[in-house]
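Asks: I need the structure of the sequence given here:
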Amino acid sequence: MRIDKYLWCVRYYKTRNMVTEACKKNHVTVNGQVAKPSKEVFPTDKITFRKDQITQIITVLDIPENRVGAKLVDIYRRNDTPAEAYQHLELLKLSKEHYRKNGTGRPTKKDRRDIDEFGNEIVNEEDAD
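Replies: Predicted coordinates for the structure are as follows:
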């Protein structure tokens with residue numbers, strides 16, 4: 001089965017076109033070699049690809065005939081991605097939400113004053129040196 005069809009069948013990508021684009025950008029490798037979308041995959045092949053800031057590593061266990069349901073995906077692949085990669089993604093999400101919650105918009109007057117005050121403190125410290 002083609003690599004683009006396989007990654008689509010095991011639900012890593014929403015469309016085959018997205019997989020094709022990832023292959024063209026050299027984000028997908030099979031057994032350590034960069035893969036074109038038409039590359040054939042077989043059981044025991046190791047597929048490495050970058051998606052959502054995580055380098056995913058999977059091993060092909062079997063080839064599905066069609067796109068499979070989410071509960072059946074584990075029959076066709078084994079996820080070898082280290083747990084640290086998922087922890088790193090969680091830290092990235094937390095760091096983005098640290099200063100401002102999603103959807104709160106532009107800085108308020110208070111935020112601007114705090115930023116200006118912080119900038120003034122840095123300038124005053126430089127003058128003191």
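
Asks: and the longest helix belonging to the chain, how far out from the chain's middle?
Replies: Counting residues, the longest helix found in the chain (DSSP state H) is helix 109-128. Put simply, helix 109-128 sits 37 Å off its chain's centre (C-alpha atoms, centre = their mean, to the nearest Å).

Asks: what pLDDT, on average, does it get?
Replies: Per-region confidence: helix 109-128 scores 77 on mean pLDDT.

Asks: ok, stretch 49-56 next?
Replies: On average, stretch 49-56 scores 86.

Asks: where does pLDDT dip in the chain?
Replies: 96-104, 123-129 (pLDDT under 70).

Asks: in it, which spans are strands?
Replies: Using DSSP state E, the strands of the chain run over residues 28-30, 33-34, 46-51, 54-60, 77-79.

Asks: what would the ones you listed look like in TSV with mean neighbour count and distance to M18?
Replies: Every C-beta, even on glycine, is put in place using the N, C-alpha and C of the backbone. Below are these laid out as TSV (neighbours: other C-beta atoms under 10 Å; distance: least, C-beta to C-beta, whole Å):
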stretch	mean neighbour count	distance to M18
strand 28-30	22	11
strand 33-34	9	17
strand 46-51	18	9
strand 54-60	17	14
strand 77-79	14	17
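
Asks: make CSV from these and add distance to I122 to it.
Replies: Output for the strands of the chain, formatted as CSV (distance: least, C-beta to C-beta, whole Å):
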stretch, distance to I122
strand 28-30, 45
strand 33-34, 46
strand 46-51, 37
strand 54-60, 36
strand 77-79, 46
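
Asks: wait, which of the ones you listed is closest to S95?
Replies: strand 54-60 (15.5 Å; C-beta to C-beta).
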